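**Student:** With the sequence up front, the predicted model follows.
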Amino acid sequence: MWGGWTLTVNLLALDVIEPRNSLPAGVVFRRWQDVYTWLAGKSRESDWAGRVVQYLEVADNRWSEEGYLKEGTLTTFSGIPFHADEPYSYLEAKRVLKLAMEELRKKKVLVREIGVDPNLGGRSSITGKAGVAVWDFLRLKGSTTDEAFTKNPHLTLAIEHDRLLAIITVPHGIKTESRRRLVDLGNDGFQELLGDVNKRLVHALGSVKGAAPWCIVVQRRYPSQRAAAIVDARIEYDLRTAFPATNKKSQVKVQTQWLQATYDALCHKQSNLQVSVGAVFPYGFCPSTTNPEIINTIAEVWIACKPLLDVMQKSRSSSS
């Protein structure tokens with residue numbers, strides 16, 4: 001009591017992670033992510049809210065780089081921010097990638113549909129302060145953190161300077177039996193498999209303007225263990241180029257030789273050869289990348305590639 005009045009003291013506690021112990025009465029807890037989300041919703045109508053949002057994004061980057069922020073984040077995933085009026089930033093891409101991967105690890109549908117193990121780590125560290133691309137990956141059940149990720153297919157998300165990539169990676173060091181299952185399909189079987197994946201990708205992308213089913217084949221070499229890769233060969237193509245049946249309403253012209261070249265490269269692998277299948281989202285043509293709902297589309301793209309994963313992991317699924 002004070003002067004006949006009863007004082008009620010309320011305290012607001014802000015942190016990046018939930019408290020481990022119960023808080024005293026009168027203490028209200030909120031995460032910095034909650035504050036960021038609320039401010040982001042106000043930023044279009046309030047200049048000061050927008051400035052605080054920018055400050056939190058910069059602080060998130062800086063404190064993570066300096067090792068000050070060891071757990072949690074100040075911000076949440078709110079889409080890929082890059083477009084004509086917002087040029088690519090490597091540090092910002094790292095922040096956004098980290099948040100996107102956290103959201104994707106929470107997707108139980110990825111565990112249920114294609115066997116993602118959210119508890120297995122991706123890249124151990126993403127270093128550097130400049131570059132044109134940053135990427136990370138999710139592992140599948142049956143893999144181990146101790147085992148090189150290049151021995152098994154994995155789910156890769158890449159934020160590049162001009163596009164977003166959501167792909168299933170068939171890495172250069174993939175186990176011989178997994179690659180052999182693809183080769184043993186024969187050319188016709190391989191085309192049938194990728195045709196199925198293409199149909200599923202077209203459905204998954206639905207009305208996402210500017211996105212496309214995609215395949216990448218790349219041959220690389222490394223001058224040293226820490227050196228950047230030298231690309232000796234690379235082809236990229238819209239998967240719809242190989243399948244006239246799903247191409248009727250598309251302006252994409254048929255050119256089946258690209259898919260043929262992919263199969264031939266897998267059959268006669270003599271180099272550091274990597275094949276990736278999934279979808280591409282160019283910032284200049286795909287406005288959906290700026291929406292946080294793009295996370296759901298990324299998950300759907302990976303699930304659409306399930307037939308490809310099933311073939312490579314056939315013995316594992318039959319023995320489990």
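**Tutor:** Perfect, thanks for sending it. Residues are numbered from 1 along each chain as shown.

**Student:** Contact partners for the residue nearest in space to the middle of the chain?
**Tutor:** Geometric centre of the chain, nearest residue: L157, 2.5 Å, by C-alpha atoms, centre = their mean. For L157, the contact set (C-beta atoms under 8 Å, 6 or more residues apart in numbering) comprises 97, 100-101, 104, 135-137, 164-166, 298. C-beta coordinates here come from the backbone N, C-alpha and C atoms, glycine included.

**Student:** who's it bridged to?
**Tutor:** D136, A166 (DSSP bridges).

**Student:** Which positions in stretch 158-170 come out as buried?
**Tutor:** Neighbour-count burial for stretch 158-170, counted by 16 or more other C-beta atoms under 10 Å, picks out 158-160, 163-170.

**Student:** And stretch 272-288, by the same measure?
**Tutor:** Buried residues in stretch 272-288 (16+ other C-beta under 10 Å): 272-281, 283, 286, 288.

**Student:** Convert it to CSV, retaining C-alpha atoms only.
**Tutor:** The C-alpha atoms that make up stretch 272-288 are tabulated as CSV, following Å, rounded to 0.1, in the frame of the first residue of the first chain:
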residue,chain,number,x,y,z
ASN,A,272,33.7,-34.9,-59.0
LEU,A,273,30.2,-35.0,-60.5
GLN,A,274,27.1,-33.7,-58.7
VAL,A,275,23.5,-33.9,-59.9
SER,A,276,20.7,-31.9,-58.3
VAL,A,277,16.9,-32.0,-58.9
GLY,A,278,14.3,-29.7,-57.5
ALA,A,279,13.1,-26.2,-58.2
VAL,A,280,14.5,-22.7,-58.9
PHE,A,281,12.9,-19.4,-57.7
PRO,A,282,14.5,-16.4,-59.5
TYR,A,283,14.0,-13.3,-57.5
GLY,A,284,13.3,-11.2,-60.6
PHE,A,285,10.5,-13.5,-61.8
CYS,A,286,9.2,-15.0,-58.6
PRO,A,287,7.7,-12.5,-56.1
SER,A,288,6.6,-15.3,-53.8
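
**Student:** Let me see the ranges of the strands in the stretch 101-250 of the chain.
**Tutor:** 133-138, 154-160, 163-170, 212-221, 230-238 (DSSP state E, counting those that start in this stretch).

**Student:** what's the most buried one of those?
**Tutor:** strand 163-170 (a mean of 24; mean count of other C-beta atoms under 10 Å).

**Student:** How far away from the center of its chain is that strand?
**Tutor:** Its chain's C-alpha centre and that of strand 163-170 lie 7 Å apart, by C-alpha atoms, centre = their mean, to the nearest Å.

**Student:** Stretch 98-116 now?
**Tutor:** The answer for stretch 98-116 is 10 Å, by C-alpha atoms, centre = their mean.

**Student:** For I17, what is the enclosing helix or strand?
**Tutor:** Using DSSP states H and E, I17 maps to neither a helix nor a strand.

**Student:** correct me, but it touches T73?
**Tutor:** No: the pair I17 / T73 is not scored as a contact, 9.5 Å apart, by C-beta atoms under 8 Å.

**Student:** In the stretch 1-150 of the chain, where is pLDDT below threshold?
**Tutor:** The stretch 1-150 of the chain contains residues with pLDDT under 70 at 1-9, 65-70, 125-129, 146.

**Student:** What's the local residue count around I80?
**Tutor:** Counted with other C-beta atoms under 10 Å, the neighbours of I80 add up to 25.

**Student:** picking up where we left off before, put together TSV for the buried residues of stretch 272-288, with pLDDT on each row.
**Tutor:** Formatted as TSV, the buried residues of stretch 272-288 follow (pLDDT from 0 to 100):
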residue	pLDDT
N272	91
L273	94
Q274	95
V275	96
S276	97
V277	98
G278	98
A279	98
V280	98
F281	98
Y283	96
C286	95
S288	95
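
**Student:** who's in contact with F281?
**Tutor:** Applying C-beta under 8 Å, 6+ apart to F281 gives the contacts 80, 163-166, 208, 210-211, 288-289, 294.

**Student:** and with 6 Å instead?
**Tutor:** 164, 211, 289 (C-beta atoms under 6 Å, 6 or more residues apart in numbering).

**Student:** where does the closest residue to the last one other than its chain neighbours fall, phi/psi-wise?
**Tutor:** By that I understand T289. Nearest non-adjacent residue to T289, counting by C-beta to C-beta, 6 or more residues apart in numbering: I80, 4.2 Å away. Torsion angles at I80 (phi, psi; degrees, to the nearest 10) stand at phi -90, psi 120.

**Student:** could you measure I80 against E45, distance?
**Tutor:** 23 Å (C-beta to C-beta, to the nearest Å).

**Student:** If you tally nearby residues, what's the number for the closest residue to G131 other than its chain neighbours?
**Tutor:** Sequence neighbours aside, Y90 is the residue nearest to G131 in space, at 4.9 Å (criterion: C-beta to C-beta, 6+ apart). If you count neighbours by other C-beta under 10 Å, Y90 ends up with 16.
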